[in-house]
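Enquirer: Here's my sequence, what's the structure:
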Amino acid sequence: MVERESHIPLNDILKAASDPTRRTILTLLAQHGPLRVTQIAAQFEMSLNSVSKHIKVLENAGLVQRRTEWREHLIEVRMEPLQLIEAWFSELRSIWAIRLEALDDIITQGEDK
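Expert: Numbering: from 1, shown residues only. Below you'll find the predicted structure:
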């Protein structure tokens, strides 16, 4: 199954990405590259501590990583775990494609009679 490809379970990745604030953080990082926590927090109407907690959830899920340059802590997005989500959706699409083909066969056979 897809989950075995990473040390972080797909459930943890999906749970971390399920929160709108965390998805916004991921989008900001993907658009702008690495940002300081204070730069991220400036985008929200919540405390720096609350934003830090959201970042920690994303870190634990492997979706972001913290990098230290001198005294600055930069947060950057990691795209690798998102590939697990993409693979999972790909599996779902293939399952639905098979089911739709089977349905099409049933409908086509019904028209032939």
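Enquirer: Output the contacting helices and strands for the helix or strand containing residue 100.
Expert: Assigned by DSSP states H and E, residue 100 falls within helix 80-112. Applying 3 or more Cβ pairs under 8 Å, 6 or more residues apart in numbering; DSSP states H and E, we find helix 80-112 packed against helix 10-17. Where C-beta positions appear, they are placed from N, C-alpha and C, glycine not excepted.
Enquirer: Pull the number of nearby residues for residue 101.
Expert: When counting by other Cβ atoms under 10 Å, one arrives at 10 neighbours for residue 101.
Enquirer: Any figure for the gap between it and residue 26?
Expert: With the distance defined as Cβ to Cβ, to the nearest Å, residue 101 ends up 35 Å from residue 26.
Enquirer: what about stretch 56-70, start to end distance?
Expert: 20 Å (Cα to Cα, to the nearest Å).
Enquirer: cool, and stretch 60-73?
Expert: Counting by Cα to Cα, the terminal residues of stretch 60-73 are separated by 16 Å.
Enquirer: again with stretch 59-68
Expert: Stretch 59-68 has an end-to-end distance of 14 Å (Cα to Cα).
Enquirer: tell me which residues in it are buried?
Expert: 61, 62, 63, 64 (16 or more other Cβ atoms under 10 Å).
Enquirer: what does it rub up against?
Expert: Residues outside stretch 59-68 that contact it (Cβ atoms under 8 Å, 6 or more residues apart in numbering): 6-8, 12-13, 15-17, 22, 25-26, 29, 34, 55, 58, 73-78, 80-82.
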